[in-house]
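> Make a model of this:
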Amino acid sequence: MPSRLLSICLIQEPRSLFLYDAVSTSEQSVLAAIYDGPIDIENFTSQPVILEKIPSTTSGDALPRAVQVNVGDLIVDALGSLTNLGEGVQYLPSGCDELACAQTFSGSGPVQMDQLVLHFKLLQGLQWADGSSLTAADSVYSYEVAQGLYSSTLPDRLSRTTSYTELDELTVEWVGVPGFFDGLYQMKFFSPLPRHAWANIPLTELRSAEASSKTPLGWGAYAIDEWVPGDHITLHANPLYFRASEGLPYFDNLVFRFVSDTREAQSAVLAGECDLVDPAGILETQAASLLQLRDEGRIFLVFQPASAWEVLQFDLSPLAEDRSAFFARREVRQALAMCIDRQALVDQLSAGRMQVADLYVPPEHPLYNPQARHYTFDQQAASELLVASGWVDADGDASTPRTAQGVTGIADGTSFTVQYLVADDEEHRVAAQMIQTDLMRCGIQVEMLPQPVESYLAAGPEGAVFGRQFDLAQYAWMTTVEPPCSLYLTNEIPGPYPEYPKAWGGVNAAGFSNPQYDQACLEALHSPPDSPQQVEKHAEAQAIFADDLPALPLYWHYRAIFGRPDMCGLSAPTATDSIFTDLELFNYGENCP
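Numbering: from 1, shown residues only. Sure, this is the predicted structure:
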């Protein structure tokens, strides 16, 4: 039989395929071809791929272990911060998993705390594409590489790890820093790297060596043949793939072609030069034109929810004394939620394909709270709430902004005129202009300040958002398996150290602080996955967020995936970490079911 080829257009050429440098969507797409898993995220749920299962408390491979902690030892305190045990530090003693039973260290004597221990077991018979066995030692090697590369600035994944060791040929043990518990067990497994092939490459050269950054060895459905810069990456079906006995993958060869933009990708599909287009770089505003091509039978098209949500961020507590805290009162923030027609935004930007956002988790998330407050578009109710909050239409002219009358911290007569930071691109300009118009109808004058995202989202104190020197700002956050309630924790407020524990690395640009929210969120984050406490506390945190509204969620982004009209095998339209999670199942033509 003639060999079969799958051609995928990438709108952005990868810079590197080294595991710890490959962060862009295009890079992750190529890695999905050579690494199957090790754990996939489908619809915000972890699915083991090359592991027997995800550790859990019920199966006995995720358990707390009591350990003695001495003065000066590294711990995670009751508020989730990495610190050394010392006088005055709040900690969770052994057997305690909520703030109500936290204790304050007296400064003398050892204490008993719990540390999380996880066991991960690989499937038997896994092989690298060169025929070598894939073992637990390869996962430990990956941990050692990561630790060596990030020794000066350890990310949380490493800084909260006490040890990562091989128990036997298939099993690794992860041990956390005392006091550290979260629901992201899948993040504690380090994706294997081929120790046998890379051991002789100096750590300092792994990021640039051909074998590790251009043609890395994998265990997945395909293996890399060559990377021709500026043109393509070619791969062949891996005969040692652990699912090869199922007849997978369906193609003998795979090529990732590099194209300059969506227009070139679309032309390549219509000309039969590309079978599928990676969604990175496809503008959501192109939905209408893609729908027309689909309706004409010229392309395959599916819209897949993404895990990114667009947010209108309020600055509740500006650091600069000369800035007015227009959004300090939650009633004002609630008024804005009712003043902005978010459904109209969705309809305009994506032909209705986007989904209006109410919380920092979407409705399909297993930990979504459907009982949390929802704000409908009602400009009359918004105006009444603004008047009750001290923002009045003093001159009776609806075309001029409201002015303050008895607003705490703001001088009477101050005009409700604010600045709006937004990305300088088509989608965001359109959204901001619609929001600007809606707010003016409610008596709020908005000055749009379009600029590069990297400018206003730079770290504080220079960056306006995380330097807390703004009124309104629009940008996007990501949601994962664990709802990101931590974005609005008090200890995440950015500012000068030591008044602000995270210094300018904090992400709570709103300056929002609510002790009840903090407690609910922290207890949710400390809870085992799928436990009743995790469900209850995340629901509580979402309810508080929806009432206090430190930020207004606008809409959920989506991916537009298109290709040749007879394409099949793509997973159902759910939120996943990559559309190429099931790349081995992709097919087309008469071979489709």
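
> Walk me through the domains of the protein.
If you go by automatic domain parsing, the domain ranges for the chain are 5-36+220-299+564-591, 47-188, 307-557.

> Of all the ones you listed, which one is nearest Ala211?
Between Ala211 and the domains of the chain, the shortest gap by CB to CB is with domain 5-36+220-299+564-591, which sits at 9.9 Å. The C-beta positions use only the backbone N, C-alpha and C, and glycine is treated the same way.

> Which pLDDT value goes with the most centrally placed residue in the chain?
Nearest residue to the geometric centre of the chain (CA atoms, centre = their mean): Met478, 3.1 Å. At Met478 the predicted local confidence, pLDDT, stands at 91.

> How much space separates it from Val302?
According to CB to CB, to the nearest Å, Met478 and Val302 sit 21 Å apart.

> Same question for Asp73.
Counting by CB to CB, the gap from Asp73 to Val302 is 51 Å.

> quick one: the helices in the stretch 251-400 of the chain?
Remark: helices assigned in the stretch 251-400 of the chain by DSSP state H, counting those that start in this stretch are 262-270, 287-295, 330-339, 342-350, 379-388.

> for the chain, that is, sorry about that
Here the chain has its helices, by DSSP state H, at 25-34, 136-149, 156-159, 195-198, 210-213, 262-270, 287-295, 330-339, 342-350, 379-388, 426-441, 453-456, 515-525, 532-548.

> Need the CA coordinates for the fourth one. PDB is fine.
Right, the one you point to is helix 195-198. Extracted C-alpha coordinates of helix 195-198, given in PDB (Å, rounded to 0.1, in the frame of the first residue of the first chain):
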ATOM      1  CA  ARG A 195      19.100   9.500  30.300                       C
ATOM      2  CA  HIS A 196      20.800   6.800  28.100                       C
ATOM      3  CA  ALA A 197      20.900   9.200  25.100                       C
ATOM      4  CA  TRP A 198      21.600  12.500  26.800                       C
END
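
> one step back: adding distance to Thr204 as columns, could you present the domains of the chain in JSON lines?
What follows is those, written out as JSON lines (distance: least, CB to CB, whole Å):
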{"stretch": "domain 5-36+220-299+564-591", "distance to Thr204": "13"}
{"stretch": "domain 47-188", "distance to Thr204": "9"}
{"stretch": "domain 307-557", "distance to Thr204": "26"}
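
> Number of residues surrounding the closest residue to Ser212 other than its chain neighbours?
Among residues not flanking Ser212 along the chain, Leu206 sits closest, at 4.8 Å (CB to CB, 6 or more residues apart in numbering). Leu206: 21 surrounding residues under other CB atoms under 10 Å.

> Check the contact between Leu206 and Val145; I expect there is one.
Yes - at 6.6 Å, Leu206 counts as touching Val145 under the criterion of CB atoms under 8 Å.

> shared neighbours, the two?
Common contacts of Leu206 and Val145 (CB atoms under 8 Å, 6 or more residues apart in numbering): none found.

> quick one on the thing from earlier: my guess is the residue nearest to the centre of the chain contacts Pro484, does it?
Yes - at 7.4 Å, Met478 counts as touching Pro484 under the criterion of CB under 8 Å.

> how about low-confidence regions in the stretch 151-300 of the chain?
Scanning the stretch 151-300 of the chain for pLDDT under 70 picks out 152-154, 281, 283-285.

> please redo it, this time with the cut-off set to 80
Along the stretch 151-300 of the chain, the model assigns pLDDT under 80 to residues 151-154, 280-287.

> Same question for the stretch 451-593 of the chain.
571-578.

> try 90
Within the stretch 451-593 of the chain, the segments meeting pLDDT under 90 span 479-481, 498, 501-502, 527-531, 557-561, 570-581, 590-593.

> Quickly list what Leu51 is bridged to.
Beta-bridge pairing for Leu51 (DSSP bridges): Leu122.

> Now Asp168: closest residue in space, sequence neighbours ignored.
Closest to Asp168 by CB to CB, 6+ apart is Ala136, at 6.8 Å.

> Look at the one you found and report its pLDDT.
Per-residue pLDDT puts Ala136 at 99.

> Count the residues that sit near it.
For Ala136, the tally of surrounding residues (other CB under 10 Å) stands at 20.

> and if you look at Pro14?
By other CB under 10 Å, 22 other residues sit near Pro14.

> hang on, isn't it packed against Ala22?
Yes - counting by CB under 8 Å, Pro14 touches Ala22, with 6.8 Å between them.

> Identify the contacts common to the two.
Joint contacts of Pro14 and Ala22 (CB under 8 Å, 6+ apart) are Val30.

> how many neighbours does the closest residue in space to Lys188 that isn't next to it in sequence have?
Nearest residue to Lys188 in three dimensions, chain neighbours excluded: Trp174, at 4.4 Å (CB to CB, 6+ apart). For Trp174, the neighbour count with other CB under 10 Å is 23.

> if I read this right, the residue nearest to Asp168 contacts Leu170, doesn't it?
Yes - using CB under 8 Å, Ala136 makes contact with Leu170 at a distance of 5.7 Å.

> Overlap in contacts, the two.
Leu122.

> List the residues that contact the closest residue in space to Ile444 that isn't next to it in sequence.
Sequence neighbours aside, Phe416 is the residue nearest to Ile444 in space, at 5.0 Å (criterion: CB to CB, 6+ apart). By CB under 8 Å, 6+ apart, the contact set of Phe416 is Phe326, Trp391, Pro401, Arg402, Thr403, Ala404, Gly443, Ile444, Gln445.

> Relative to Ala464, how far out is Phe416?
Counting by CB to CB - Phe416 and Ala464 are separated by 20 Å.

> Return the residues in contact with the spatially closest residue to Gln516 that is not a sequence neighbour.
Using CB to CB, 6+ apart and skipping the chain neighbours, the partner closest in space to Gln516 is Ile544 (5.9 Å). Counting by CB under 8 Å, 6+ apart, Ile544 touches Asn514, Gln516, Tyr517, Ala520.

> which ones are touching the last one?
This points to Ala520. Going by CB under 8 Å, 6+ apart, Ala520 touches Cys485, Lys537, His538, Glu540, Ala541, Ile544.
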